[in-house]
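Peer 1: Compute the structure for the input listed below.
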Amino acid sequence: MKRYVCGTIFSLAMLVATNGSATTLMRMTDDELVANSKYIVAGHVQKIETRLERNNAPFQYITIKVLKVFKQDENSPLLQNEEFTIRQIGGEVLGVSLSIDGLPKFVENEDVVVCLEQDTYRGFYYVVGSAQGMYHVANNDLINDTTQDNTMFARKGENGEITFGKGEVRKTTINNLQNKIDNAINNEEAAR
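Peer 2: Numbering: from 1, shown residues only. Predicted structure coming up:
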């Protein structure tokens with residue numbers, strides 16, 4: 001009898017913990033995103049396809065057509081009008097649905113600016129900083145909305161203390177981002 005009661009209490013505790021969960025990410029500034037990205041491109045979301053993969057987990061394949069390259073790896077460049085694919089866990093297919101807080105939310109036929117790294121093993125790209133590394137384009141404005149889910153952002157202070165906070169809508173312009181990228185590239189070249 002005790003085992004059954006303990007098992008039931010444990011199961012209820014796990015259910016409550018699971019339903020109340022949130023993703024925690026380290027908060028990155030625009031400068032940190034620029035510094036930690038091999039690629040930063042403006043692109044048009046062509047299509048989003050979801051497939052079941054390992055252990056029946058859905059993965060999204062987001063195909064983006066390059067409109068402008070701001071920063072890239074010279075050893076493996078992305079070219080204007082070229083298409084590339086971002087792969088991330090989540091989505092819905094064949095009755096299986098998985099949503100993870102903190103991941104970027106892409107929409108077909110939307111223009112975006114993304115900070116990227118490449119998975120050299122599979123060849124796919126992923127967004128640096130999760131949702132922090134994707135901006136929606138609205139004319140000359142770039143809008144990064146990390147307030148859309150239960151994500152908490154941790155920030156490490158000057159004395160090593162860690163604080164937690166909710167996401168915020170961050171706005172910049174394409175020109176400001178270009179200036180940050182130019183400064184980061186100049187600093188990298190000066191350090192060599």
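
Peer 1: how near is the residue nearest to the spatial centre of the chain to Asp101?
Peer 2: Taking Cα atoms, centre = their mean, the centroid of the chain lies closest to Ser130, which sits 2.1 Å from it. The spacing between Ser130 and Asp101, counted by Cβ to Cβ, to the nearest Å, is 9 Å. The C-beta positions use only the backbone N, C-alpha and C, and glycine is treated the same way.

Peer 1: check which helix or strand covers the closest residue to Phe70 other than its chain neighbours.
Peer 2: Using Cβ to Cβ, 6 or more residues apart in numbering and skipping the chain neighbours, the partner closest in space to Phe70 is Ile40 (4.2 Å). In this assignment (DSSP states H and E), Ile40 forms part of strand 39-52.

Peer 1: swap in Val113?
Peer 2: Judged by DSSP H and E, Val113 forms part of strand 111-118.

Peer 1: Direction included, what does that strand pair up with?
Peer 2: strand 39-52 (antiparallel), strand 125-127 (antiparallel), strand 134-138 (antiparallel) (DSSP bridges).

Peer 1: gap between that strand and the chain center?
Peer 2: Put simply, strand 111-118 sits 8 Å off its chain's centre (Cα atoms, centre = their mean, to the nearest Å).

Peer 1: A helix includes Met28, no?
Peer 2: No - counting by DSSP: H, G, I helix; E, B strand; the rest coil, one finds Met28 to be coil, located in no helix.

Peer 1: can you pull the pLDDT of Gly43?
Peer 2: pLDDT for Gly43: 96.
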